[in-house]
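[1] got a sequence here, can you build the structure:
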Amino acid sequence: MNSNTTTLPINGTTLNPASDDVIAPHWGYISAAAAVIILGNVVVPIKRFETGDGLYFQLMFCHGALFVGAIVQLFRSQAEFYPIVMLGGVVWITANLFMVPIVKAIGMAQGMCVWGICNMLSGWATGRFGLFGIQKEEPDSILLNYVGVLFCIISAVIFSFLKPDIRKVKEQIQTTFPTNPSGHYNSIDPINSAATPRSLSEESLLITPTIKHTEEVKIFIDKLPPTKKKIIGIAMSVVSGVLYGQTYTPSIYIQQSRKGSSQFGMDYAFATMCGLFVGNTVYFSIYCFVMRNIPRVYPRASFPGLLTGLLWGTASSLWFLVNDTLSEDVSFPIMTTVPIVINATVGVVFFREIKGKRNLCLLFLGIAVTAAGAAMCALSKRPV
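    Below you'll find the model as predicted:
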């Protein structure tokens with residue numbers, strides 16, 4: 001590694017990175033390849049488990065992501081913590097709140113298509129046109145970049161026509177509180193109870209029997225008529241996608257505007273994960289209040305949620321490096337569409353979710369268009 005400090009011209013000034021860890025461009029492509037493979041498989045751990053309204057799963061997910069951020073920070077202990085970077089994590093977790101309602105309103109395929117396109121365009125436009133105070137990035141080949149983005153949009157539309165065969169998982173929820181004949185939880189206060197005193201072991205037997213029941217989670221979107229449900233579902237997908245696309249904007253802003261800030265993108269991973277955790281803690285607290293302190297908890301989603309968070313945290317940390325070397329106008333078309341191809345392929349090979357000649361033809365066509373679009377976006381930025 002070069003011990004000489006590298007100077008970077010940004011917004012007409014010359015900034016010295018806080019460290020000399022300015023990575024070579026080819027590591028950006030390697031990081032992109034690793035990240036898209038992980039993102040393409042990030043939902044695999046949770047595929048066969050019921051997540052209900054998604055709030056408990058998201059809580060476990062954030063623990064996993066924060067753990068990855070802490071590990072990165074241990075190795076990058078000299079990195080300065082910028083609180084504003086936490087905003088990126090808050091924005092991401094806010095966008096993720098819409099996922100369950102979107103899937104219930106318009107389905108995973110159409111939902112992923114809409115929020116995937118908006119995610120890509122949001123991140124791409126931010127870097128390409130210099131939105132939100134970000135330095136404007138111009139690829140070496142503007143035409144190749146634009147055509148690549150167009151191909152990525154077309155591929156997302158193709159994938160939206162897939163009709164996967166996903167079996168609904170009915171989760172048996174285990175609770176440690178007895179229920180009365182009406183199905184509601186009993187409120188037991190051993191200290192103030194007027195009942196005849198019993199030994200501790202007897203009370204434990206009364207309080208902790210395991211009740212198994214199947215719960216079909218209903219949320220507000222389920223009560224809407226089909227037309228209104230679709231409109232609201234698409235609107236939420238647009239909002240969600242735009243928010244997803246701004247996850248890395250605060251860290252890039254700091255890199256480009258704060259004198260002496262580190263130019264090594266991974267130095268901002270921990271702050272982003274902290275924002276993720278803080279934002280989710282607030283949302284989950286509100287959820288518990290609304291649910292009168294009886295949140296829907298799905299025990300079997302605990303470890304899969306943690307594992308999903310670990311995978312996403314790793315991929316997100318690599319994404320910082322991709323943004324460093326390829327810039328957002330190149331990285332987002334690749335990072336938001338290639339994982340869809342991988343996820344669809346995994347669905348075919350391992351879960352048999354995509355069947356039939358029509359679906360398979362659409363799948364292969366989508367893969368070909370995505371590969372072409374991603375390649376054009378990658379080639380629009382020449383390695384130096």
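[2] show me the contacts for residue 309.
    Shown here is residue 309, whose contacts under the criterion C-beta atoms under 8 Å, 6 or more residues apart in numbering are 60, 61, 62, 63, 64, 65, 66, 67, 68. Placement of C-beta: from N, CA and C, glycine included.
[3] which ones among these map onto helices?
    Helix and strand membership here follows DSSP state H; of these, those in helices are 60, 61, 62, 63, 64, 65, 66, 67, 68.
[4] the second one contacts residue 313, doesn't it?
    Translated: residue 61. No: here residue 61 does not reach residue 313: they are 9.1 Å apart, not a contact under C-beta atoms under 8 Å.
[5] redo the contacts of residue 309 as CSV? Include pLDDT, distance to residue 358 and neighbour count.
    Written out in CSV, the entries for these read as follows (pLDDT from 0 to 100; distance: C-beta to C-beta, whole Å; neighbours: other C-beta atoms under 10 Å):
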residue, pLDDT, distance to residue 358, neighbour count
60, 93, 37, 21
61, 93, 34, 29
62, 94, 39, 28
63, 94, 41, 16
64, 94, 37, 23
65, 94, 37, 30
66, 95, 43, 22
67, 96, 42, 16
68, 95, 39, 21
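[6] domain parsing for this structure?
    Described in terms of automatic domain parsing, the domain architecture of the chain consists of the residue ranges 12-171+221-379, 173-214.
[7] any idea which of those domains is most buried?
    Relative to the other members of the domains of the chain, domain 12-171+221-379 carries the highest mean neighbour count by mean count of other C-beta atoms under 10 Å, namely a mean of 19.
[8] that one: how far from the chain's middle?
    Relative to its chain's centre, domain 12-171+221-379 lies at 4 Å (C-alpha atoms, centre = their mean, to the nearest Å).
[9] go ahead and confirm residue 268 touches residue 321.
    No: contact status for residue 268 versus residue 321: not in contact, 10.8 Å apart, counting by C-beta under 8 Å.
[10] now the nearest residue in space to residue 251 that is not next to it in sequence, what's its secondary structure?
    On the basis of C-beta to C-beta, 6 or more residues apart in numbering, the spatially nearest residue to residue 251 that is not a chain neighbour turns out to be residue 268, at 3.7 Å. Following DSSP: H, G, I helix; E, B strand; the rest coil, residue 268 is assigned to helix.
[11] which stretches in the stretch 51-200 of the chain count as helices?
    Assigned helices in the stretch 51-200 of the chain, in chain order: 55-75, 86-96, 99-129, 142-160, 200-207 (criterion: DSSP state H, counting those that start in this stretch).
[12] and if you look at the stretch 251-384 of the chain?
    269-290, 302-326, 328-349, 357-379.
[13] same list (those) but as CSV, adding distance to residue 221 and mean pLDDT.
    Output for the helices of the stretch 251-384 of the chain, formatted as CSV (distance: least, C-beta to C-beta, whole Å; pLDDT from 0 to 100):
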stretch, distance to residue 221, mean pLDDT
helix 269-290, 16, 95
helix 302-326, 22, 90
helix 328-349, 23, 78
helix 357-379, 26, 84
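[14] ok, which of the ones you listed comes nearest residue 162?
    Each of those has some distance to residue 162 by C-beta to C-beta; the shortest is helix 357-379, at 5.6 Å.
[15] helices or strands next to the closest one in the packing?
    Helices and strands in packing contact with helix 357-379 are listed as helix 142-160, helix 328-349; criterion 3 or more C-beta pairs under 8 Å, 6 or more residues apart in numbering; DSSP states H and E.
[16] and for the shortest one, what are the contacting residues?
    By C-beta under 8 Å, 6+ apart, the surrounding residues in contact with helix 142-160 are 109-110, 112-114, 116-117, 120-121, 124, 128, 139, 329-330, 333, 336-337, 340-341, 344, 362-363, 365-366, 369-370, 372-381.
[17] again, 6 Å this time
    Helix 142-160 is contacted by residues 109-110, 113, 116-117, 139, 333, 337, 340, 362, 365-366, 369-370, 372-373, 376-377, 379-380 when judged by C-beta atoms under 6 Å, 6 or more residues apart in numbering.
[18] extract the CA atoms of it and return them as PDB.
    In PDB, the C-alpha atoms belonging to helix 142-160 read as follows (Å, rounded to 0.1, in the frame of the first residue of the first chain):
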ATOM      1  CA  ILE A 142     -22.400   8.900 -21.200                       C
ATOM      2  CA  LEU A 143     -24.200   7.000 -24.000                       C
ATOM      3  CA  LEU A 144     -23.100   3.600 -22.800                       C
ATOM      4  CA  ASN A 145     -24.200   4.500 -19.200                       C
ATOM      5  CA  TYR A 146     -27.600   5.700 -20.300                       C
ATOM      6  CA  VAL A 147     -28.300   2.700 -22.500                       C
ATOM      7  CA  GLY A 148     -27.100   0.400 -19.700                       C
ATOM      8  CA  VAL A 149     -29.600   2.100 -17.300                       C
ATOM      9  CA  LEU A 150     -32.300   1.700 -19.900                       C
ATOM     10  CA  PHE A 151     -31.500  -2.000 -20.200                       C
ATOM     11  CA  CYS A 152     -31.600  -2.500 -16.400                       C
ATOM     12  CA  ILE A 153     -35.100  -0.800 -16.300                       C
ATOM     13  CA  ILE A 154     -36.300  -3.100 -19.100                       C
ATOM     14  CA  SER A 155     -35.000  -6.200 -17.200                       C
ATOM     15  CA  ALA A 156     -36.800  -5.200 -14.100                       C
ATOM     16  CA  VAL A 157     -40.000  -4.900 -16.100                       C
ATOM     17  CA  ILE A 158     -39.400  -8.400 -17.600                       C
ATOM     18  CA  PHE A 159     -39.000  -9.900 -14.100                       C
ATOM     19  CA  SER A 160     -42.200  -8.300 -13.000                       C
END
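[19] now do it and helix 328-349, the angle between them.
    Note on geometry: by axes from the mean of the first three to the mean of the last three C-alpha atoms, to 10 degrees, helix 142-160 and helix 328-349 are set 30 degrees apart in direction.
[20] averaged pLDDT, helix 142-160. What do you get?
    Averaging the model's pLDDT scores along helix 142-160 yields 86.
[21] just to revisit the earlier point, need the helices and strands packed on helix 357-379 in JSON lines (columns: distance to residue 52).
    Listed next are the helices and strands packed on helix 357-379 as JSON lines, based on distance: least, C-beta to C-beta, whole Å:
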{"stretch": "helix 142-160", "distance to residue 52": "25"}
{"stretch": "helix 328-349", "distance to residue 52": "22"}
